[in-house]
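Student: quick one: sequence and predicted model below, then my questions.
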Amino acid sequence: MVRFEHEILFTPIPDRITRLRDLAYNLWWTWHPEAQDLYRTIDPELWELDYHNPVDFLRDVRQRKLEAAALDPDYLKQYDAVLKRLDSYVNAKKTWYTRHFPDVKGVQIAYFSAEFGLHESLPIYSGGLGILSGDHVKEASDMGLPFIAVGFLYPQGYFRQRLDASGWQFAEYNKLNFADVPAIPVLDPDGREVVIEVELPGRTIYAKVYRFQIGRVPLYLMDTDIHPNSPQDRQLSARLYGGDQEMRISQELVLGVGGVRLLRKLGIAPTVWHMNEGHSAFLVLELCRELVNNGMAFDDAMQEIRQRCVFTTHTPVPAGNDAFPLAMIEKFFWNYWPQLNLTRDEFMSIALQEQQWGPTFAMTALALRLSNYHNGVSQLHGHVARGMWQWLYPGNSQDEVPIGAITNGVHTASWLAPEIRALYDSYLGRTWEDNLDDPKVWKKVHQIPDKVLWDTRQDLKHQLIEFARARLQQHYIHIQQPAPVWPVLEEGILTLGFARRFATYKRATLLFRDIERLKYILNRPEMPIQIIFAGKAHPKDDPGKHFIQNVYQMATQPGLAGRIVFLEEYDMAVGRALTQGVDVWLNNPRRPHEASGTSGMKASLNGAPNCSILDGWWPEAFNGKNGWAIGEEREYHNHDEQDWNDAQALYHLMEHEIAPRFYSNRDADGVPTAWIETCKEAIATVAPAFSMRRMLSDYVNQLYLPAAGVAVTS
Ligand SMILES: *Cc1c(COP(=O)(O)O)cnc(C)c1O
């Protein structure tokens, strides 16, 4: 049982259901809707008000409601079943890992990431990278990998998105109270708080450590907002991707160097170190420093560290890769390179990049140089990354550059609608989840009766429309304006979803290239279409904010009003509602800028086919029957020409392929049989191959076990 000083703040829980507290402190509940139901059914309104956060909920709930639940036999039956499941999960001796590698002992994987997207109530993620990290940790738990994760706890998290009456995005930062989230302060054997230290120019910074329990996996997050630090340093971990470059290098020092020290302090000795993106790459320096400190020459230390390090690059755009001016590196590391027995120039040369805007110290170069195992996140991205980093491997052709590719996936249980899960439970066989990356399992979706799948999908769309209307209502309350007079969204009609970060390369406004044509396509009386948008622009990305404003204003134009809506604050809850509820998922980035993308995988998993540019993961998945490809598989030199061609291709698909398929061929029950065929094909092809299970078993076989020195034969 978890206990705290602030115990007093909790509503007393009747003995019979006292383990609701334990459950709240294991984020296993985030991917088990039946566990969330244990809170929701006690007080559904409060559950919404507390944004699905069980820790908050247990503090705010009325005692008499808990007492009523403790006397309700139906509730208790559900309660016992969920806790039994949690216990047998946590204590399981047989897991995917023990089944596949019964003889492998002593492996310990440490996974570092700057952000983790675990649940909407824990806003320490900004977008795809964080969602991927969160899914990675959850799946590592499901598979029983020897795995720990390290990152930052940001008291102000990532910003909350608000739009003013003109559709201009502004940021709201709400302070996260750590007593409100399932954060467990980490104590040493003497019961004192674990605090780690990192030297910054002219001072030492301290970070306190919290543990989050993700099923079987511990996630350690550092927080610098503690007493001995100066006010400025207390702000260091305040925000994800906030502040200037100096703030950023400080954060990355704490993440990389501090993260290693944290694990040492806890007595954890990883055999594999995984840097998820370059933000944590300073950790390789700290690992070298440890060896040099024990008397090893730097070059030997580097060889040894390399063998244990894994690095995943995510950014096909040069400007997206962190790189620091040499003067800044000098300021932060002049005291550090002597500890590596290196001169200034030797130190700089480890990660010197002269390709872009003069010499810099590049985190991706550092990570590539000091890891033997590295990968991009889709096959196409692997190719692009080999081109980008070819200069690091003189004498090699692009194809010979040693950067492989493992395509991303999504954590099935986290993104699956409970209603769709019920169908899989009925039709895929009892053990489908044990083998969820096996395509044979998913062939059975074709046995789901068309009408059953159709009705379920229509029900999910209905839920989404209600959700969207409620969100819009909230927005008009915030801006203190009356809600619009036109009907917002229409039940039953073909509904497309577009939600992602509003980075300009994702081209959220591509659909509006030809407004008259769009109006025509959305308003054909026999084949109407509506589109729900959501997405945040980085607080410093004004072009991205203009895109949002553009979409927002389009949604008020005659002919588009009611057919197009923009939902504020794209987060994991909105992401779930959209990917589970729309009919088609839309993605139109400027190829080849999308490293992978995962939202389309979530939609397909729920039976909503993907309509996308052949970028990121989609060229690997698209088979002509499981969704649609916008435009051709080619590169352009002229952006304007590319945008125009892609827009035309998209209009054509919507008008002549997607809408007719949705509205025609209805059987006696009104079910569009050809459409349902596409939905089933999307599920059958995407769910196994683009699952986090498949991704992580590739990581284990191709990266983790080789880095741990284990020979893999499979
Ligand atoms: C899945 C998801 C993402 C990443 O999706 P992309 O396809 O990479 O855009 C970003 N944000 C949220 C909230 C998500 O759920």
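Tutor: Looks like it came in fine.
Student: burial count for residue 485?
Tutor: The number of residues packed near residue 485 is 8, by other CB atoms under 10 Å. In short, each C-beta sits where N, CA and C put it, glycine included.
Student: ok, it to the ligand distance?
Tutor: 31 Å (CB to the nearest ligand atom, to the nearest Å).
Student: repeat for residue 239
Tutor: From residue 239 to the ligand the distance is 17 Å (CB to the nearest ligand atom).
Student: tell me who's in contact with the closest residue in space to that residue that isn't next to it in sequence.
Tutor: Excluding the flanking residues, the one nearest residue 239 by CB to CB, 6 or more residues apart in numbering is residue 156, at 5.0 Å. Contact analysis of residue 156 by CB atoms under 8 Å, 6 or more residues apart in numbering lists 173, 174, 175, 176, 238, 239, 242.
Student: equivalent analysis for residue 559, please.
Tutor: 519, 522, 523.
Student: so which residues of the stretch 1-150 of the chain form helices?
Tutor: 20-24, 33-40, 44-49, 54-60, 63-70, 73-90, 96-100, 128-142 (DSSP state H, counting those that start in this stretch).
Student: return the alpha-carbon coordinates of stretch 117-137 using PDB.
Tutor: Output in PDB follows, covering the C-alpha atoms of stretch 117-137 (Å, rounded to 0.1, in the frame of the first residue of the first chain):
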ATOM      1  CA  GLY A 117       2.800  10.200 -23.000                       C
ATOM      2  CA  LEU A 118       1.000   7.900 -20.600                       C
ATOM      3  CA  HIS A 119      -2.300   9.500 -20.000                       C
ATOM      4  CA  GLU A 120      -4.100  12.800 -20.500                       C
ATOM      5  CA  SER A 121      -4.000  13.500 -16.700                       C
ATOM      6  CA  LEU A 122      -0.200  13.500 -16.800                       C
ATOM      7  CA  PRO A 123       0.700  16.300 -19.300                       C
ATOM      8  CA  ILE A 124       4.400  15.600 -19.700                       C
ATOM      9  CA  TYR A 125       4.300  14.900 -23.400                       C
ATOM     10  CA  SER A 126       4.000  17.200 -26.500                       C
ATOM     11  CA  GLY A 127       3.300  14.800 -29.400                       C
ATOM     12  CA  GLY A 128       4.300  11.700 -31.300                       C
ATOM     13  CA  LEU A 129       7.700  11.200 -29.600                       C
ATOM     14  CA  GLY A 130       6.100  11.200 -26.100                       C
ATOM     15  CA  ILE A 131       3.200   9.100 -27.100                       C
ATOM     16  CA  LEU A 132       5.700   6.600 -28.600                       C
ATOM     17  CA  SER A 133       7.700   6.500 -25.400                       C
ATOM     18  CA  GLY A 134       4.600   6.000 -23.300                       C
ATOM     19  CA  ASP A 135       3.500   3.200 -25.500                       C
ATOM     20  CA  HIS A 136       7.000   1.700 -25.400                       C
ATOM     21  CA  VAL A 137       7.000   1.500 -21.600                       C
END
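Student: and that stretch with the ligand, contact?
Tutor: Yes. Legend: contact between stretch 117-137 and the ligand by CB under 6 Å from any ligand atom is shown at 127, 128, 131.
Student: need the contacts of residue 559 in CSV (columns: neighbour count).
Tutor: Shown next, in CSV, are those (neighbours: other CB atoms under 10 Å):
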residue, neighbour count
519, 14
522, 23
523, 13
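Student: excluding chain neighbours, give the residue nearest to residue 654 in space.
Tutor: Nearest to residue 654 is residue 521, by CB to CB, 6+ apart, at 5.3 Å.
Student: centre of the chain to the host helix or strand of the one you found, how far?
Tutor: Residue 521 is part of helix 515-522, with elements assigned from DSSP states H and E. Taking CA atoms, centre = their mean, to the nearest Å, the mean C-alpha location of helix 515-522 is offset from the chain mean by 33 Å.
Student: quick one, what contacts the most centrally placed residue in the chain?
Tutor: Centroid-nearest residue in the chain, with CA atoms, centre = their mean: residue 131, separated by 0.7 Å. For residue 131, the contacting residues are 117, 125, 572, 575, 598, by CB under 8 Å, 6+ apart.
Student: what's the separation between the third one and residue 600?
Tutor: In other words, residue 572. Distance, residue 572 to residue 600, using CB to CB, to the nearest Å: 16 Å.
Student: list phi and psi for residue 312.
Tutor: Main-chain torsions, residue 312, degrees, to the nearest 10: phi -110, psi 120.
Student: touching, it and residue 373? I think so.
Tutor: No. Assessed by CB atoms under 8 Å, residue 312 is found out of contact with residue 373, at 9.3 Å.
Student: picking up where we left off before, among the contacts of residue 131, show me the least confident.
Tutor: Within the set of the contacts of residue 131, pLDDT is lowest for residue 125 (94).
Student: that one: what's its closest spatial neighbour, skipping adjacent residues?
Tutor: Nearest one to residue 125, counting by CB to CB, 6+ apart, is residue 117 at 3.4 Å.
Student: tell me where the stretch 351-500 of the chain has helices.
Tutor: Assigned by DSSP H, counting those that start in this stretch, the helices in the stretch 351-500 of the chain fall at 363-369, 379-388, 412-415, 418-427, 439-443, 450-478.
Student: measure residue 363 to residue 682 for me?
Tutor: Taking CB to CB, one finds residue 363 at 37 Å from residue 682.
Student: swap that for residue 203, please
Tutor: 54 Å.
Student: tell me which of these two has more neighbours.
Tutor: Just comparing residue 203 and residue 682: by other CB under 10 Å the higher neighbour count belongs to residue 682, 28 against 12.
Student: quick one: the more buried one and residue 612 touch, right?
Tutor: No. Taking CB under 8 Å as the definition, residue 682 is not a contact partner of residue 612, at 11.7 Å.
Student: neighbour-wise, which of residue 572 and residue 600 wins?
Tutor: Taking neighbours as other CB under 10 Å, residue 572 and residue 600 compare with residue 600 leading, 30 against 22.
Student: let me know how buried residue 638 is, in neighbour terms.
Tutor: 9.
Student: OK, contacts around it?
Tutor: So residue 638 contacts nothing (CB under 8 Å, 6+ apart).
Student: mind checking pLDDT for it?
Tutor: Residue 638 is given a pLDDT of 92.
Student: get me the contact residues on the stretch 101-250 of the chain for the ligand.
Tutor: 127, 128, 131.
Student: residues contacting the second one?
Tutor: Shown here is residue 128, whose contacts under the criterion CB under 8 Å, 6+ apart are 314, 500, 501, 596, 597, 598, 599.
Student: tell me how far the residue nearest to residue 654 lies from residue 527.
Tutor: Residue 521 is 8 Å from residue 527, by CB to CB.
Student: what sits against residue 114?
Tutor: 129, 151, 152, 240, 241, 251, 252, 255, 277, 279, 280.
Student: try 6 Å this time
Tutor: Contacts for residue 114 (CB atoms under 6 Å, 6 or more residues apart in numbering) come out as residue 279.
Student: and residue 627, what are its phi and psi?
Tutor: According to degrees, to the nearest 10, residue 627 has phi 150, psi -160.
Student: what's near enough to touch it?
Tutor: So residue 627 contacts 609, 610, 611, 682 (CB under 6 Å, 6+ apart).
Student: which of the residues you listed sit farthest apart?
Tutor: Based on CB to CB, the longest span within the contacts of residue 627 runs between 611 and 682 and measures 10.6 Å.
Student: can you list the domain ranges for this structure.
Tutor: Following automatic domain parsing, the chain resolves into domains at 2-90, 104-408+697-707, 438-690.
Student: against residue 506, how distant is the residue of the stretch 101-250 of the chain found nearest the ligand?
Tutor: Relative to the ligand, the nearest point of the stretch 101-250 of the chain is residue 128 (3.3 Å; CB to the nearest ligand atom). With distances taken as CB to CB, residue 128 is found 11 Å from residue 506.
Student: got it, and residue 571?
Tutor: For residue 571 relative to residue 506 (CB to CB), the value is 17 Å.
Student: now the stretch 151-300 of the chain, which segments are flagged as low pLDDT?
Tutor: In the predicted model, the stretch 151-300 of the chain carries no residue with pLDDT under 70.
Student: the strands in it, which residues?
Tutor: For the stretch 151-300 of the chain, the strands defined by DSSP state E, counting those that start in this stretch cover 160-163, 169-172, 184-185, 195-200, 203-214, 217-223, 272-276.
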